[in-house]
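Participant: output the structure for:
(chains A and B)
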Amino acid sequence: MSTIRTRFAPSPTGFLHMGGARTALFNWAFTRRAGGRMVLRIEDTDEERSTRESEEAIYDGLSWLGIEWDEGPFRQSERRARHTAAIDGLLAQGRAYRCVCTPEQIEVRRQATIAAGRKWTYDGRCRELALGADAGRHSVRLRLPAEGKLAWNDLVYGESGQDVREIGDMIIRRSDGAPLYNLAVVVDDLDMGITHVIRGADHHSNTPFQLALYQALEKTPPLFAHVPLIVGPGGKKLSKRRDPVSVQDYRAQGFLPQAVLNWLARIGWSHGDQEVFSRDEIRELFDLEKVHRSAAQADAGKLSWLNQHWIKALPGPELVNALLPFLSAVVEREVAPSPELARLAEQLRERSKTLVEMASLSRFLVTDRIAYETKAAEKHLKREIEPMLSDLHESLQALPDWSEPALERVFEEVRARHGSPAMGKLAQPVRVAVTGGPVSPGI
RNA sequence: GCUCCCAUCGUCUAGCGGUCUAGGACGUGGCCCUCUCAAGGCCAAAACACGGGUUCGAUUCCCGUUGGGAGCACCA
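Facilitator: Predicted structure coming up:
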């Protein structure tokens, strides 16, 4: 039995968005569990839109999530010669043909067909013309079989396929000589020995055409698994403008990679009633058979909960390390780890949904410029409590041993001297005085 | 418009003909705990889109309707 080979093939036209990250995760988990190898391929043949920055963003995002690949990255743009060779081969065998129809001409015919109430696919005008290389400016189209069904058994969707008559002879090389995506993907997947293509469901209806290409090339196609799309609120398409969509966005908002991974894994996949999955558990339990077929919404609330869960689970030193950059950012200087910070972080882990939140709650520890919240200060730092606070201040200064029982004793004594108000009457003003805000660990 | 796909609480989901008075989780509401906020504990409200079949029996199978999505490029 040959080893399983998969690939993650993003196009570098933005950043690593959540859908892509999940596709990468599923590929990774499937591959690791099966003991296979995963290839990273950058689909950058669209020069207009591809940038090196977004390519870097893909590496950055994957490594932050801990999704490692085994081979590559390969750039599709650097494999041009292979694509061209494949097209020439198809041409030589008559399985592809040159087409001199211009986009304008096609548009006219398309409109006419639609006006006549019929549906349009390429009408095959150049199909039997046997145009040679001297035909002038031309594109190349794949000659589809006259009839039959282009079908496959999708690992997620089950029996799938489309009648060839629904599809026209598609262009595989542009008139400027550039190979098209569908051709490049098939050639690359073949060359790289890919056995399982796991990709977004937006490619589901693209697959029949690729199948035709495998036929023309006389090769066995890989197995396909299409994973459902992630949609935005209300089931609408994700909007890059409205929704936070890149993994970098989530990192900046103070989410842990474990949480994002866990969250992603549970969108469109489940393992019984289990909600919490570590990276290792995803790798051990992931199963394409349990992947859903319907699109799912990404719920930010669930992410927050998972993030808090993973913050609570993070070992102390790691938590401090994760917190440091965020804390440095709020006080605008480099903050070094310290025992005090470590202890505070322990107190704060159950109170923070994100590292951003935790940083803002730890601010008071690393700066003398306490930022007093006006509302809290007005409510708790009133003139009447000043004597009690001063008393506490002096008693504390006189206290040699700042152990918890000793401190508690001082608080009790101070309360007793000032008419025994409820603990909250003393603790809350102290909290505001010390931290600047009304929220903190036990004072 | 055409082709294909999808449809269980607000959200993610369990369910693969009787076990369903439909389970879990997030979120929401209430109570407990409490120096604040959390965390934690307990409780509650909340769903099988609709209409036909098939069957002794449908959330589960089939068809249609509705709703949503994807594709239909000399983009990837």
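
Participant: so which residue of the stretch 201-350 of chain A comes closest to RNA strand B?
Facilitator: In the stretch 201-350 of chain A, the residue that lies nearest RNA strand B is A:Ser294 (2.6 Å; CB to the nearest atom of the strand). (C-beta placed from N, C-alpha, C; glycine too.)

Participant: need the three-state assignment for that residue.
Facilitator: With DSSP: H, G, I helix; E, B strand; the rest coil as the basis, A:Ser294 sits in coil.

Participant: helices along the stretch 201-350 of chain A, start to end?
Facilitator: Assigned by DSSP state H, counting those that start in this stretch, the stretch 201-350 of chain A shows helices spanning A:207-216, A:247-252, A:257-265, A:279-285, A:300-313, A:316-331, A:339-348.

Participant: next, format those as CSV and append mean pLDDT, distance to RNA strand B and mean neighbour count.
Facilitator: Output for these, formatted as CSV (pLDDT from 0 to 100; distance: least, CB to the nearest atom of the strand, whole Å; neighbours: other CB atoms under 10 Å):
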stretch, mean pLDDT, distance to RNA strand B, mean neighbour count
helix A:207-216, 95, 8, 21
helix A:247-252, 94, 15, 19
helix A:257-265, 97, 9, 23
helix A:279-285, 97, 13, 16
helix A:300-313, 96, 3, 18
helix A:316-331, 95, 15, 17
helix A:339-348, 93, 8, 16
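
Participant: tell me which of these lies nearest to A:Gly177.
Facilitator: helix A:207-216 (18.4 Å; CB to CB).

Participant: measure A:Glu128 to RNA strand B for me?
Facilitator: 18 Å (CB to the nearest atom of the strand, to the nearest Å).

Participant: how about that residue, phi and psi?
Facilitator: phi -100, psi 10 (degrees, to the nearest 10).

Participant: before we move on, what about A:Gln162?
Facilitator: phi -150, psi 150.

Participant: I'd say it and A:Gly148 touch.
Facilitator: No. Here A:Gln162 does not reach A:Gly148: they are 10.4 Å apart, not a contact under CB atoms under 8 Å.

Participant: thinking again about what came up before, the nearest residue to the residue of the stretch 201-350 of chain A closest to RNA strand B once chain neighbours are set aside: neighbour count?
Facilitator: Once flanking residues are discounted, A:Ser294 sits nearest to A:Pro228: 5.8 Å by CB to CB, 6 or more residues apart in numbering. The local packing of A:Pro228 (other CB atoms under 10 Å) involves 22 other residues.

Participant: separation between A:Pro228 and A:Asn262?
Facilitator: Using CB to CB, to the nearest Å, A:Pro228 is found at 18 Å from A:Asn262.

Participant: kindly report the same for A:Gly132.
Facilitator: On the measure of CB to CB, A:Gly132 and A:Asn262 end up 58 Å apart.

Participant: same check, this time on A:Tyr250
Facilitator: For A:Tyr250 relative to A:Asn262 (CB to CB), the value is 12 Å.

Participant: residues shared between the contacts of those two?
Facilitator: Contact criterion CB atoms under 8 Å, 6 or more residues apart in numbering; residues shared by A:Tyr250 and A:Asn262: none found.

Participant: sec struct for A:Trp152, please.
Facilitator: strand.

Participant: ok, what's across the strand from it?
Facilitator: Under DSSP bridges, the beta-bridge partners of A:Trp152 are A:Ser160.

Participant: now for chain A, the helix or strand with the poorest mean pLDDT.
Facilitator: helix A:374-380 (a mean of 77; mean pLDDT, DSSP states H and E).

Participant: may I see the buried residues of that one?
Facilitator: Judged by neighbour count (16 or more other CB atoms under 10 Å), helix A:374-380 contains these buried residues: A:Ala376, A:Ala377, A:His380.

Participant: residues from the stretch 101-250 of chain A in reach of RNA strand B?
Facilitator: The stretch 101-250 of chain A comes close to RNA strand B at residues A:101-103, A:106, A:119-121, A:139, A:157-158, A:160, A:162, A:166, A:170-171, A:174-176, A:178, A:180-182, A:201-206, A:228-229, A:231, A:235-237, as judged by CB under 7 Å from any atom of the strand.

Participant: of the residues you listed, buried ones?
Facilitator: A:101, A:121, A:139, A:157, A:160, A:170-171, A:175, A:178, A:180-182, A:201, A:204, A:228-229, A:231.

Participant: next, give phi and psi for the residue nearest the centre of chain A.
Facilitator: Most central in chain A under CA atoms, centre = their mean is A:Met18, positioned 2.7 Å from the mean C-alpha point. Torsion angles at A:Met18 (phi, psi; degrees, to the nearest 10) stand at phi -60, psi -40.

Participant: is it true that it touches A:Ile230?
Facilitator: Yes. At 5.8 Å, A:Met18 and A:Ile230 qualify as touching, with contact defined as CB under 8 Å.

Participant: if I look at those two, which residues touch both of them?
Facilitator: A:Leu238, A:Ala298.

Participant: can you pull the pLDDT of the closest residue to A:Ala376 other than its chain neighbours?
Facilitator: Among residues not flanking A:Ala376 along the chain, A:Pro438 sits closest, at 4.2 Å (CB to CB, 6+ apart). Here, the pLDDT recorded for A:Pro438 equals 84.

Participant: now do A:Val432
Facilitator: pLDDT, A:Val432: 81.

Participant: how about the one 10 residues further on?
Facilitator: The confidence metric pLDDT takes the value 84 at A:Gly442.

Participant: now swap in A:Thr6 and tell me
Facilitator: 97.

Participant: over to A:Leu361?
Facilitator: For A:Leu361, pLDDT reads 92.

Participant: check the one 3 residues further on too.
Facilitator: Listed pLDDT for A:Phe364 reads 86.

Participant: shouldn't it be in contact with A:Gly436?
Facilitator: Yes. Assessed by CB under 8 Å, A:Phe364 is found in contact with A:Gly436 at 5.7 Å.

Participant: list residues touching both of these two?
Facilitator: Residues touching both A:Phe364 and A:Gly436 (CB under 8 Å, 6+ apart) are A:Ile370.

Participant: residue contacts, A:Asp189?
Facilitator: A:Arg7, A:Val197, A:Pro222.

Participant: so which of the buried ones among the residues of the stretch 101-250 of chain A next to RNA strand B are in strands?
Facilitator: Counting by DSSP state E, those place A:Ser139, A:Ser160, A:Ile171, A:Val231 in strands.

Participant: mind checking the SS state of A:Pro73?
Facilitator: Classification of A:Pro73 using three-state DSSP returns strand.

Participant: OK, contacts around it?
Facilitator: Counted by CB under 8 Å, 6+ apart, A:Pro73 has contacts A:Leu40, A:Arg41, A:Ile42, A:Glu55, A:Tyr59.

Participant: and these, which two are furthest apart?
Facilitator: A:Arg41 and A:Tyr59 (12.8 Å).

Participant: make JSON lines from the helices of the stretch 201-350 of chain A and add distance to A:Leu426 to it.
Facilitator: JSON lines is the format used below for the helices of the stretch 201-350 of chain A (distance: least, CB to CB, whole Å):
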{"stretch": "helix A:207-216", "distance to A:Leu426": "69"}
{"stretch": "helix A:247-252", "distance to A:Leu426": "39"}
{"stretch": "helix A:257-265", "distance to A:Leu426": "37"}
{"stretch": "helix A:279-285", "distance to A:Leu426": "46"}
{"stretch": "helix A:300-313", "distance to A:Leu426": "30"}
{"stretch": "helix A:316-331", "distance to A:Leu426": "28"}
{"stretch": "helix A:339-348", "distance to A:Leu426": "20"}
